[in-house]
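Visitor: return atomic coordinates for the entry below.
(chains A, B, C and D, ligands or ions: 6)
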Amino acid sequence: MTGTEDGRLTVDDLTAWMLRFDERIAAEAEHLTELDSAIGDADHGTNIARGTGAVRRRLADAPPGDAGALLKSSGMALVSTVGGASGSLYGTLFLEMAKSVGPAPELDTAVLADAFRAGVAGVVARGRAEPGDKTMVDALQPAAEALSVAAAGGRPLLESLRAAAAAAAVGRDATIPLVARKGRASYLGERSADHLDPGATSAAILVQALADARSERVG
Amino acid sequence: MTGTEDGRLTVDDLTAWMLRFDERIAAEAEHLTELDSAIGDADHGTNIARGTGAVRRRLADAPPGDAGALLKSSGMALVSTVGGASGSLYGTLFLEMAKSVGPAPELDTAVLADAFRAGVAGVVARGRAEPGDKTMVDALQPAAEALSVAAAGGRPLLESLRAAAAAAAVGRDATIPLVARKGRASYLGERSADHLDPGATSAAILVQALADARSERVG
Amino acid sequence: MKKLIDAPSEVLADALKGVAAAHPELAVDFAARVVARATPKPGKVALISGGGSGHEPLHSGFVGPGMLDAACAGEVFTSPTPDQMLAAAQTVSTGAGALFIVKNYTGDVLNFEMAAELADAEGIAVKTVLVADDVAVEDSTWTAGRRGVGTTVLVEKIAGAAAEEGADLDAVHAVATRVAENGRSMGVALTSATLPSVGKPSFDLPEDEIEMGVGIHGEPGRTRAPLAPASEIADTLVSAILADHDFTGAPVIAMLSGLGGTPLIELYLVYGAVASLLEQRGITVARVLVGDYITSLDMAGCSLTLLRADDEMLRLWDAPVSTAALRWGA
Amino acid sequence: MKKLIDAPSEVLADALKGVAAAHPELAVDFAARVVARATPKPGKVALISGGGSGHEPLHSGFVGPGMLDAACAGEVFTSPTPDQMLAAAQTVSTGAGALFIVKNYTGDVLNFEMAAELADAEGIAVKTVLVADDVAVEDSTWTAGRRGVGTTVLVEKIAGAAAEEGADLDAVHAVATRVAENGRSMGVALTSATLPSVGKPSFDLPEDEIEMGVGIHGEPGRTRAPLAPASEIADTLVSAILADHDFTGAPVIAMLSGLGGTPLIELYLVYGAVASLLEQRGITVARVLVGDYITSLDMAGCSLTLLRADDEMLRLWDAPVSTAALRWGA
Ligand SMILES: Nc1ncnc2c1ncn2[C@@H]1O[C@H](COP(=O)(O)OP(=O)(O)O)[C@@H](O)[C@H]1O
Ligand SMILES: Nc1ncnc2c1ncn2[C@@H]1O[C@H](COP(=O)(O)OP(=O)(O)O)[C@@H](O)[C@H]1O
Ligand SMILES: [Mg+2]
Ligand SMILES: [Mg+2]
Ligand SMILES: [Mg+2]
Ligand SMILES: [Mg+2]
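Guide: Ligands and ions are numbered 1, 2, ... in the order given. Prediction:
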């Protein structure tokens, strides 16, 4: 059941994404918590790792039958285990993606791009953060845009995912000089500048994990 | 009103004793507390310094008319300000001395020796410590004995006081190897050995202060 | 890190076992991490709060007659999740609706928001009161706004009394909102807290400095200041709070809470200074709490909360309450 | 040293100001350093306790209807003086005599002894109950004997209830003695306390060691042990206590007290472990207290107290009490 470069993400691809995400988060948890301890409350790594672990277990215990079910199941796992600001936001991202794709067995680049956009819109609606507020939106929004542009331009799936990951990374790094206007870091005012935002960092890992998982499976 | 080597302690001599005691305790308070922190609860210096300061103020505010009144006033000041084990014990020492001398205007060596013995007996009765239990009794008891021996032998007052101070110092140093059987240090069991007892140390200061005060005034 | 714990990841689960063992009058749902009254009172508006753990007795210590019906416990310093809040609402609401008492942190706000949506879908009417009383934070609609701290305890007590005596959801929400609007707090840290999962202090505070205006998760405050006498620190706290809201001409409820690592003798000492400062400024303290009510793990320091009360609030304050951490008249 | 204080020498005086300001129902005699009920109950046996400060809420937090009539506060970790105790007896005794509740430390014993002599001379009948419940100490008539710790709180509560309901001095003394004889405690320190007057920790405890069997003044305990999981520490405390006294076949009152620097979430966690150990050994816990009741300034750690109770003690335990730190049924 290894995927092929046929331009579609299967349920297995999405599962691989989630496992990859969990793996990367487990490896980066301490670093994420350190970032959060500089401008937040020193729990982002612990929070998100608890969530991706729960996703992994849930997908193993009850493998979903279609893409929508997978995204919904992952979203529910995140919502109910992460807690904090990032829990409801990552949860919303996946739940809105699930709504957008419905019971599709596979996703092509365009469907994926639309779903990701819907997910990010959900994050923005829930968290009321705008780009530049030094949040995960600063990584998610450029990724969504890059994916849409690539899809509209008919670029192959893997290339599109890589473009999205690159955009997320740029967005993540762009949070460094920003003064936080949302979330816990906003209490710091000016002192929040000169730090990477932890949520933008985990968001960039999320997008990169999709590109990597896909690349490995078609690889 | 400077004293002379006429073999009697005047009220002024006794006042000088108390002031000298306060002075020496103030200088040694930190050291006493350190000793107490090794085998007790790190307050002996603070306790006793609070007490000698109160004695000094009380004697200044209401100068006593005779030796008994002075000893009683000092004892009451100690009882009501030192607290802890040492407060009631030092208080008892002075109150029993006061009872022993009554309203005498001056004390000769023999009267002083009897009074000191009565005071130490009061300490033993109250605290139920025997010599060798690693308490202030280990300094007080030899001092009382030395003073009695000197008085019985008709030695001059200052010489007698110096003998008492020397005996107290020896008794104090002899507490080092002892295992405490009374007071807080007894909780340490064997671990109380190899430490100076704080109460024996302050008791030696008390006796030395009398010899020094007397020597300064006649010297 | 020196803590009385087994595994850092199991702190909350293990602590809940102790709560259950110590309090037969409470029902602990270990899966949902909800501490609720063992016997909900039919027809009463359900009061539900919750938040990250590590602030005990807030919130589980305030569950019981006259105060909360249920508390949702998140991981240490991490908001609980919507499914916990939904489970709480399903357990303790008996038809009269539920009031969510939420401290203003993004995580708490977003998760309680999702929970309210879920509860609504289940036919449970929910209103929310947001506590945002920390004067150390500049207020602004462009940021996350003020943090919710000590006033939360007073909201839980006063709204809890209103609900207990039969007020409906609108009325309970109204008095809760009035308390939230009239309470102000500020805290000071002498040391950082250490999270079990992190194992080292969250921030560095030199031996001669304090964090003035600290948040209950160790969020930095207004200023790093040199360590000062308690009476000066009290003055700074009192002045900051009084500059933000008018407390004259009304009975005031005062709470001086320890942050977890500061002994009671110091709290009383600080309260002595606070009381004399308030008296000097002509402010009448009608009721007082001194002790650990809203804490930050093992952080040393304290927070002061003042509520500009009215007769209704005082009456509800005095009403019987019977919880693990607050109890009188019952 | 980081403490919320002004001058180290004024800690007690300043803290008493806060007690007075926070508790209008108490009368604070600043000169004698006595905290007493504002209105003594005529004809009632007067319960008087006291000891060094730094163990708050013990004793002043337990003054009020159903518990103590007066508490004498010594300097930090230093016994109060006989004149304080005499002043207390003169203030609160109303003809039915006074019970002195004394923790077994040489200083407390000697000072209360002198006070009893003084009170006797003033025509006040005094009986004394000595609490010596710390199983960490080898008992021996050749030493100062066991230290008095947590059982003191239970003596104050139960004897307080007996006095409140009109028992005479002999009866109050008898039940107090029964509680003292049937209570056992042991504590563990994770850190040393720091006395305000000393300014540095009283003893050194490396980051990976604990003091098992510590006293409330930082007296060394049974062993320096490696830092262990809370459940193992709980096992050590429970085992030591059960080895010393039979707690089977009777209702047990359990108290898990923090030492001042340990947050409530850890105390509940430890109590969870204690409860399951006691259950395994067939011991029935009838009543529980978890919180800070007898502390050691800012020391991190906890102490466990178990009382082999009987129906009479349970009834008196459940009787109303209304003090700053313990309140129910009133
Ligand atoms: N309003 C918001 N909108 C979008 N993202 C947010 C918002 N508030 C916080 N975040 C993101 O959440 C991250 C913090 O997550 P986490 O530490 O898990 O939660 P908490 O702040 O509750 O402890 C921040 O770094 C930021 O990227
Ligand atoms: N039973 C006793 N008899 C005589 N001296 C005692 C007794 N118990 C304690 N002491 C003395 O008291 C000293 C301690 O005094 P201090 O530290 O002021 O009181 P506490 O032990 O109450 O803190 C000890 O070093 C010892 O010399
Ligand atoms: Mg965080
Ligand atoms: Mg001492
Ligand atoms: Mg958090
Ligand atoms: Mg002492």
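Visitor: for the helix or strand of chain C with the lowest mean pLDDT, name the packing helices and strands.
Guide: When each helix and strand of chain C is scored by mean pLDDT, DSSP states H and E, strand C:223-226 comes last, with a mean of 94. Helices and strands touching strand C:223-226, by 3 or more C-beta pairs under 8 Å, 6 or more residues apart in numbering or on different chains; DSSP states H and E, are strand C:209-212. Bear in mind the C-beta positions are built from the backbone N, C-alpha and C, glycine included.
Visitor: using PDB, list the CA coordinates for the strand it packs on.
Guide: Extracted C-alpha coordinates of strand C:209-212, given in PDB (Å, rounded to 0.1, in the frame of the first residue of the first chain):
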ATOM      1  CA  GLU C 209      15.300  40.700  42.800                       C
ATOM      2  CA  ILE C 210      11.600  40.200  42.700                       C
ATOM      3  CA  GLU C 211       9.100  40.100  39.800                       C
ATOM      4  CA  MET C 212       6.500  42.800  40.500                       C
END
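Visitor: can you list the buried residues in the least confident helix or strand of chain C?
Guide: residue C:225 (16 or more other C-beta atoms under 10 Å in any protein chain shown).
Visitor: so which residues of chain A form helices?
Guide: Under the criterion DSSP state H, helices of chain A are mapped to A:11-39, A:44-61, A:67-81, A:84-101, A:109-127, A:137-152, A:157-174, A:198-218.
Visitor: counting contacts, what elements does the second one pack onto?
Guide: It stands for helix A:44-61. helix A:11-39, helix A:67-81, helix A:84-101, helix A:198-218, strand C:70-76.
Visitor: just the closest residue of the stretch 51-200 of chain C to ligand 4, please.
Guide: Using C-beta to the ion, residue C:190 is the residue of the stretch 51-200 of chain C that sits closest to ligand 4, at 26.4 Å.
Visitor: I misspoke; the intended subject was the stretch 151-300 of chain C.
Guide: Counting by C-beta to the ion, the stretch 151-300 of chain C gets nearest ligand 4 through residue C:265, at 18.3 Å.
Visitor: any low-confidence regions in the chain?
Guide: Answering for chain A, as no chain was given. For chain A, applying pLDDT under 70 flags the ranges A:1-6, A:219.
Visitor: nope, chain C please
Guide: Across chain C (using pLDDT under 70), the flagged ranges come out as C:140-141.
Visitor: in it, which spans are helices?
Guide: C:11-22, C:82-92, C:106-121, C:151-164, C:169-182, C:230-244, C:264-280, C:311-318.
Visitor: ligand 1 is nearest to which of the ones you listed?
Guide: helix C:106-121 (3.0 Å; C-beta to the nearest ligand atom).
Visitor: hang on, the earlier thing: in JSON lines: the helices of chain A, plus mean neighbour count and distance to residue D:153.
Guide: Listed next are the helices of chain A as JSON lines, based on neighbours: other C-beta atoms under 10 Å in any protein chain shown; distance: least, C-beta to C-beta, whole Å:
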{"stretch": "helix A:11-39", "mean neighbour count": "20", "distance to residue D:153": "39"}
{"stretch": "helix A:44-61", "mean neighbour count": "22", "distance to residue D:153": "37"}
{"stretch": "helix A:67-81", "mean neighbour count": "24", "distance to residue D:153": "41"}
{"stretch": "helix A:84-101", "mean neighbour count": "26", "distance to residue D:153": "39"}
{"stretch": "helix A:109-127", "mean neighbour count": "21", "distance to residue D:153": "49"}
{"stretch": "helix A:137-152", "mean neighbour count": "24", "distance to residue D:153": "54"}
{"stretch": "helix A:157-174", "mean neighbour count": "22", "distance to residue D:153": "55"}
{"stretch": "helix A:198-218", "mean neighbour count": "24", "distance to residue D:153": "45"}
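Visitor: and stretch A:211-219, how far out from the chain's middle?
Guide: The chain centroid and the centroid of stretch A:211-219 are separated by 17 Å, computed with C-alpha atoms, centre = their mean, to the nearest Å.
Visitor: for ligand 5, what are the nearby residues on chain A?
Guide: For chain A, the residues in contact with ligand 5 (C-beta under 5 Å from the ion) are A:41, A:43, A:84.
Visitor: enumerate every residue touching the nearest residue in space to the first one that is not next to it in sequence.
Guide: In other words, residue A:41. Distance criterion C-beta to C-beta, 6 or more residues apart in numbering or on different chains; nearest residue to residue A:41, sequence neighbours excluded, is residue C:217 at 4.0 Å. By C-beta atoms under 8 Å, 6 or more residues apart in numbering or on different chains, the contact list for residue C:217 reads A:41, A:184, C:52, C:77, C:105, C:193, C:202, C:296.
Visitor: let's see which of those end up in strands.
Guide: residue C:52 (DSSP state E).
Visitor: out of the contacts of residue C:217, who's near ligand 1?
Guide: With the criterion set as C-beta under 6 Å from any ligand atom, the members of these near ligand 1 are A:41, A:184.
Visitor: where's the residue sitting furthest away from the middle of chain A relative to residue A:177, distance?
Guide: Distance to the chain centre peaks in chain A at residue A:190, reaching 27.1 Å (criterion: C-alpha atoms, centre = their mean). Distance of residue A:190 to residue A:177, given as C-beta to C-beta, to the nearest Å: 11 Å.
Visitor: burial check on the residue of chain A found nearest chain B, number of neighbours?
Guide: Nearest residue of chain A to chain B (C-beta to the nearest C-beta) works out as residue A:42 at 35.1 Å. By other C-beta atoms under 10 Å in any protein chain shown, 29 other residues sit near residue A:42.
Visitor: stretch C:304-312 close to chain D?
Guide: No - interface with chain D: stretch C:304-312 contributes nothing (C-beta under 8 Å from any C-beta of the partner chain), its closest point being 11.5 Å away.
Visitor: send me that stretch as PDB with only the CA atoms.
Guide: The C-alpha trace of stretch C:304-312 is given here as PDB (Å, rounded to 0.1, in the frame of the first residue of the first chain):
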ATOM      1  CA  LEU C 304      -3.500  40.900  46.600                       C
ATOM      2  CA  THR C 305      -7.100  41.100  45.400                       C
ATOM      3  CA  LEU C 306      -9.500  43.800  46.300                       C
ATOM      4  CA  LEU C 307     -13.200  43.800  45.400                       C
ATOM      5  CA  ARG C 308     -15.400  46.800  45.500                       C
ATOM      6  CA  ALA C 309     -18.400  45.100  47.000                       C
ATOM      7  CA  ASP C 310     -22.000  46.200  47.700                       C
ATOM      8  CA  ASP C 311     -24.500  45.000  50.200                       C
ATOM      9  CA  GLU C 312     -25.800  42.200  47.900                       C
END
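Visitor: what comes into contact with that stretch?
Guide: Outside stretch C:304-312, the residues touching it (C-beta under 8 Å, 6+ apart) are C:133, C:149-151, C:153-154, C:175, C:178-179, C:182-187, C:234, C:237-238, C:241-242, C:245-247, C:250-257, C:274, C:286-287, C:313, C:317.
Visitor: which ones are touching residue A:7?
Guide: A:108-109, A:156-157.
Visitor: same thing but 6 Å
Guide: Residue A:7 is in contact with A:108, A:157, counting by C-beta atoms under 6 Å, 6 or more residues apart in numbering or on different chains.
Visitor: from chain D, how far out is it?
Guide: Taking C-beta to the nearest C-beta, to the nearest Å as the measure, residue A:7 falls 52 Å from chain D.
Visitor: same thing with residue C:161?
Guide: From residue C:161 to chain D the distance is 16 Å (C-beta to the nearest C-beta).
Visitor: quick one: that residue and residue C:320 touch, right?
Guide: No - using C-beta atoms under 6 Å, residue C:161 makes no contact with residue C:320, being 8.0 Å away.
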